[in-house]
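Colleague: Task: produce atomic coordinates for the following.
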Amino acid sequence: MFALSDLLKYDDIAIQCHNNPDPDAIGSAFGVYTYLKNMGKTVKIIYSGVERIKKSNIKYMIEWLNIPIEHVPNAKEFPKPGLLVTVDCQYGEGNVSRIEAEAVAVIDHHLQVVEEDEYVLGVIHSKLGSCATLVWDLLQKEGFTMDDSVRNALYYGLFCDTNGLSELRHPLDRDLADITFDAGLIRKLKNSAITAEELPIIGKTLLNQETIKGIGLFRSEPCDPNLLGFVSDIAQQVVYIDCCIIYNLQQHGVKLSVRSSVREIMASEIAGFLCSGAGSGGGTFDKAGGFITFQGMKEAAGETDPETYLRNRILAYIDHFDLIYAGKNNIDFSSMRIYKKMAIPVGYAKSAEVFPNGTKITVRTLEGDVDAVAEEGIYLMIGVRGEVYPIKKERFQASYKTSDAPFAAELEYTPAILNRVTGERRELMPYAYTCVPNDEKYVRARPLAKPTKVFTSWDTDKYFSGAAGDWLVANEGSYDDCYIVQGDIFTDTYAEMH
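Modeller: Model prediction:
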């Protein structure tokens, strides 16, 4: 497992951004630079390539946060450092001028495109929305105290690489988005992001579109990725467009920005679907984005034309799902087989113990954010994989036996609760106790034959999404509501009654 402290064995260190760097690359490099500088290392931030930084918001970012970044016109003439750290890019990649070094480390959040023998240290975490998130997490794990400049630089890097925080893919992205930052500074940088040269691009993008069964597809000329989110917000206001997808071509692939205004299309889901097998995508229920590599597109579909690929994927998405509205479908649950919840210990927490009764909260898990209200009558169930969902007190008491033993589990990401008003964050596990299902926990269930969306009675905005092999479940005797349980979780926690 890579840690920033692994870099401390080197003394002469250069941190390289990709050519013509963006705020995410610069903010990430600044975070690593500050850590190494504070540890007594000789270190500098550099970028190469023909073009110098021109965008006003990036120049202001560098000036206002005092980021010591240098342009290296000729990479071949740069003195060989003891360690070269490429940040927000990968050594040997096409948009990174090659600089010779004694050793190389890579810190990046894009899909891996170079062989591991190109570097000796590093981490590539492609599930994250920004490299700033990765650097922030690495600094947190070192226990490093970040000053205001570093915090603002990392936040702005995330802000720009996720289209104004609309494409947060991972709970770590959302954690970084919640940190304290200089709102005035970020506002000034945000409002300096569009140049006069980019205005014609916006106009042409809005005119260059087609509508596919309520989903608008817009092609943009090459531009700053942040501009795609701006155009998406405008395009989404067009009547009869339920979802809009803005895309443009970049060096290695296709950048997407997605907006949705209907319950049936979750932006993060369609972004993930479009990118599946050829890249990565994610975000929130109404705003998302992604990136599809040209190579991935060719391998996944044998397609080299991005517009044809996206059109076909949109049509496939529309036909991909069954829709189930709890209590409003002709689904015969009584004919399904009965299953009993096995007595496997799981966790629960009383929401009103985490935050005072009536507090608007967000439950943050690896699967996404769930909004709720802390109430005496609402408990939070915690599954063996860290999945969290609200349950009414009465149903919980009828279904589970409780104990005072704390609930513990090894999880990839520890669930947290956020106060939506104050922003205060509390980890859920210190409030979690152990419980086991009692003998009266029975459900009717069947495996899904195809991907399905279930719209529950307790969440009017979002839906459960399941794949073929996951299970459609309803509590015995209460068929008005139903939900989806992941396939392997269901088989591990339920037993069929004979």
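Colleague: OK, contacts around the closest residue to residue 317 other than its chain neighbours?
Modeller: Spatially, and ignoring its direct neighbours in sequence, residue 317 is nearest to residue 273 (5.0 Å; Cβ to Cβ, 6 or more residues apart in numbering). The C-beta positions use only the backbone N, C-alpha and C, and glycine is treated the same way. With contacts taken as Cβ atoms under 8 Å, 6 or more residues apart in numbering, residue 273 has the following neighbours: 281, 313, 316-317, 320.
Colleague: Out of those residues, which sit inside strands?
Modeller: Cross-referencing the contacts of residue 273 against strands under DSSP state E gives residue 281.
Colleague: Now which of the contacts of residue 273 would you call buried?
Modeller: The neighbour-count test (16 or more other Cβ atoms under 10 Å) marks 281, 313, 317 as buried among those.
Colleague: which regions of the stretch 51-200 of the chain sit below the pLDDT cut-off?
Modeller: For the stretch 51-200 of the chain, the stretches flagged by pLDDT under 70 are 193.
Colleague: Out of the buried ones among the contacts of residue 273, the closest to residue 54 would be?
Modeller: Nearest to residue 54, judged by Cβ to Cβ, of those is residue 281 at 28.8 Å.
Colleague: if I pick the closest one, what's in contact with it?
Modeller: Here residue 281 is in contact with 169, 256, 258, 268, 271-275, 288-291 (Cβ under 8 Å, 6+ apart).
Colleague: so what does the helix or strand hosting residue 133 touch, helix or strand wise?
Modeller: Assignment of secondary structure by DSSP states H and E places residue 133 within helix 131-141. For helix 131-141, the helices and strands in contact under the criterion 3 or more Cβ pairs under 8 Å, 6 or more residues apart in numbering; DSSP states H and E are helix 23-38, strand 104-108, helix 148-161, helix 171-177.
Colleague: mind giving me a markdown table with those and columns for distance to residue 55?
Modeller: Written out in a markdown table, the entries for the helices and strands packed on helix 131-141 read as follows (distance: least, Cβ to Cβ, whole Å):
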| stretch | distance to residue 55 |
| --- | --- |
| helix 23-38 | 9 |
| strand 104-108 | 21 |
| helix 148-161 | 10 |
| helix 171-177 | 22 |
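Colleague: Can you convert these into CSV and add a column each for mean neighbour count?
Modeller: Shown next, in CSV, are the helices and strands packed on helix 131-141 (neighbours: other Cβ atoms under 10 Å):
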stretch, mean neighbour count
helix 23-38, 25
strand 104-108, 25
helix 148-161, 25
helix 171-177, 22
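Colleague: right, and these - which one's nearest residue 189?
Modeller: Closest approach to residue 189 among these is made by helix 148-161 (5.9 Å; Cβ to Cβ).
Colleague: Averaged pLDDT, stretch 24-41. What do you get?
Modeller: Confidence over stretch 24-41, taken as the mean pLDDT, stands at 96.
Colleague: What's the per-residue pLDDT of the residue nearest to residue 317 here?
Modeller: At residue 273 the predicted local confidence, pLDDT, stands at 91.
Colleague: Backbone torsions only: list them for it.
Modeller: Recorded main-chain torsions at residue 273 are phi -70, psi -50, according to degrees, to the nearest 10.
Colleague: And residue 265, by the same measure?
Modeller: Dihedral angles (degrees, to the nearest 10) for residue 265: phi -120, psi 110.
Colleague: Kindly state the beta-bridge partners for the closest residue to it other than its chain neighbours.
Modeller: For residue 265, the nearest residue in space outside its immediate sequence neighbours is residue 243; the separation is 4.7 Å by Cβ to Cβ, 6+ apart. Beta bridges link residue 243 to residue 215, residue 260, judged by DSSP bridges.
Colleague: Please apply the same query to residue 341.
Modeller: Beta bridges link residue 341 to residue 494, judged by DSSP bridges.
Colleague: and it, what does it touch?
Modeller: So residue 341 contacts 399, 437, 441-443, 493-494 (Cβ under 8 Å, 6+ apart).
Colleague: who wins for neighbours among the residues you listed?
Modeller: Taking other Cβ atoms under 10 Å to define a neighbour, the member of these with the most is residue 443, carrying 25 neighbours.
Colleague: show me the contacts for that residue.
Modeller: Contacts of residue 443 were listed using Cβ under 8 Å, 6+ apart, and they are 338-339, 341, 473-476, 494.
Colleague: Closest one to residue 173 out of those, please.
Modeller: For those, the minimum distance to residue 173 (Cβ to Cβ) is 30.1 Å, reached by residue 473.
Colleague: Not counting its neighbours along the chain, what's nearest that closest one?
Modeller: In space, and not counting its chain neighbours, residue 473 is closest to residue 445: 4.5 Å by Cβ to Cβ, 6+ apart.
Colleague: all helices for this structure, in order.
Modeller: Across the chain, reading from the start of the chain, the helices by DSSP state H fall at 23-38, 56-64, 131-141, 148-161, 171-177, 183-190, 199-207, 225-235, 267-275, 294-301, 306-318, 351-354, 393-399, 487-493.
Colleague: Could you count how many residues lie near the closest residue to residue 83 other than its chain neighbours?
Modeller: With sequence-adjacent residues excluded and distances taken as Cβ to Cβ, 6+ apart, residue 83 is closest to residue 10, at 3.8 Å. A count of neighbours around residue 10, defined by other Cβ under 10 Å, yields 21.
Colleague: State the phi and psi torsions of residue 10.
Modeller: When quoted as degrees, to the nearest 10, the phi and psi of residue 10 stand at phi -110, psi 150.
Colleague: from what I can see it touches residue 85, true?
Modeller: No: with contact defined as Cβ atoms under 8 Å, residue 10 and residue 85 do not form a contacting pair (9.1 Å).
Colleague: Grab the most central residue of the chain for me.
Modeller: Within the chain, the residue whose C-alpha comes closest to the C-alpha centroid is residue 169; the distance, by Cα atoms, centre = their mean, is 0.6 Å.
Colleague: and the gap between the closest residue in space to it that isn't next to it in sequence and residue 266?
Modeller: Nearest residue to residue 169 in three dimensions, chain neighbours excluded: residue 282, at 3.3 Å (Cβ to Cβ, 6+ apart). To residue 266, residue 282 is 11 Å away according to Cβ to Cβ, to the nearest Å.
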